[in-house]
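Peer 1: what's the 3D shape of this:
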Amino acid sequence: MLIDRRHFVAGTLAAPALLSAGAARAATTIKISHQFPGGTIDKGDFRDRLCRKFAAEVGKRSNGDINVEVYANSSLMKTNAQFSALRKGALDASFFPLPYAGGEAPEANIGLMPSLVNSYDQGLAWKTKPVGKELTDYLADKGVMILTWVWQAGGAASRSRPLVTPEDAKGLKIRGGSREMDMVFQAAGAAVLSLPSNELYAAMQTGACDAGVTSSTSLISFRLEELSKHLTAGGGKSYWFMFEPLLMSKAIFDKMPKAHQDLLVKVGEEMEAFGRQAAMADDDEVVAVYKKAGAQVHPLENDVLEKWKAIARDTAWKDYAAKNAGCAKLIKLAQDV
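Peer 2: Okay, the predicted model is just below:
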């Protein structure tokens, strides 16, 4: 095939323009990994839905310049590897139960300190209080930033007998969700095991675990009602409140244009209202789900909450404060909220 000079010159001149157009269309991709069941933007586990709502809004408002991909069920990365990967810039973002990071960042266990947070109002107030600034600064020093603040109340699903009062714990094998929760259950006479909530079903099915204590949403999403005869419902008041934020790698965030950074922060903040509403809706839904499955539902009364708090003060709170100066400062500030 012969190419005359006119076509050659025209093609040569057009090439840079095509390359420029292609470069302009190239989107920045952010991958969010989480351990929870996948669904759609409208149906399924609200933590997955929050990530998908965040993705859709960021994509729309950036005119496609930022493409957010959501990987559910730890399909991109194992749950316990995610925090370390965020710190190194090997993972962009994660909807992550903060106390799972306690092994490499002891201060993170403040995110599931038994009886420290007893309501959504109290937990969400941390963001604008000194404890919130201290925690945010600590995580930033570790290379991780908070995009969306989410708290969840939790309860207990048990296979054979109820777990309501501290006296009920004696002799049970319990998954508490954090080192500090485990200390409280051990003080009450239980054996404990440490595993992510997405492994609870298998542990309860085999009898390795008698009772799982986790968020209302996880009690539903991981179908523990299929194995449980009793539910202790946390709802609006519980000794188990977990901080479970949408986190982003600071190394990745810092490389982005300021306009993109501002958008991610703004949309992240806007997701907080949905997070609270959905978490509270699941506190009601979990009761309906377990009743329908034939489980007996037990509420937590104030006098029982005080019993758990007394144990927590003498064990988990003291142990956490003694770890280092940062832990001592965080738990002191948290008690002022």
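Peer 1: Next, the contact list for the closest residue in space to residue 140 that isn't next to it in sequence, please.
Peer 2: Spatially, and ignoring its direct neighbours in sequence, residue 140 is nearest to residue 250 (6.1 Å; Cβ to Cβ, 6 or more residues apart in numbering). Heads up, the C-betas are built off the backbone N, CA and C, glycines and all. Residues in contact with residue 250 (Cβ atoms under 8 Å, 6 or more residues apart in numbering) are 140, 143-145.
Peer 1: just those now: which is nearest residue 199?
Peer 2: residue 144 (23.5 Å; Cβ to Cβ).
Peer 1: Pretty sure the closest one sits against residue 88.
Peer 2: No. The criterion here is Cβ atoms under 8 Å, and residue 144 misses it with residue 88 at 10.4 Å.
Peer 1: about what we covered before: and the contacts of residue 250, which two are furthest apart?
Peer 2: Top of the distance list for the contacts of residue 250 (Cβ to Cβ): 143 and 145, 8.5 Å.
Peer 1: and these two? which has more neighbours close in?
Peer 2: Applying other Cβ atoms under 10 Å to residue 143 and residue 145 shows that residue 145 carries more neighbours, namely 23 against 18.
Peer 1: Helix, strand, or coil at that one?
Peer 2: strand (DSSP: H, G, I helix; E, B strand; the rest coil).
Peer 1: Could you do residue 48 as well?
Peer 2: Strictly by three-state DSSP, residue 48 counts as helix.
Peer 1: Report the contact partners of it.
Peer 2: When contacts are counted by Cβ under 8 Å, 6+ apart, residue 48 touches 34, 36-39, 70, 72, 95.
Peer 1: now do residue 116
Peer 2: Counting by Cβ under 8 Å, 6+ apart, residue 116 touches 110, 241, 312, 317, 331, 334-335.
Peer 1: which residues of this protein fall in helices?
Peer 2: 5-25, 46-61, 82-88, 120-125, 130-141, 179-187, 200-206, 216-221, 250-254, 258-292, 302-312, 318-323, 325-334 (DSSP state H).
Peer 1: can you tell which of those is closest to residue 171?
Peer 2: helix 179-187 (11.2 Å).
Peer 1: Give me the distance from that closest one to the chain's centre.
Peer 2: What separates the centre of helix 179-187 from the centre of its chain is 20 Å, taken as Cα atoms, centre = their mean, to the nearest Å.
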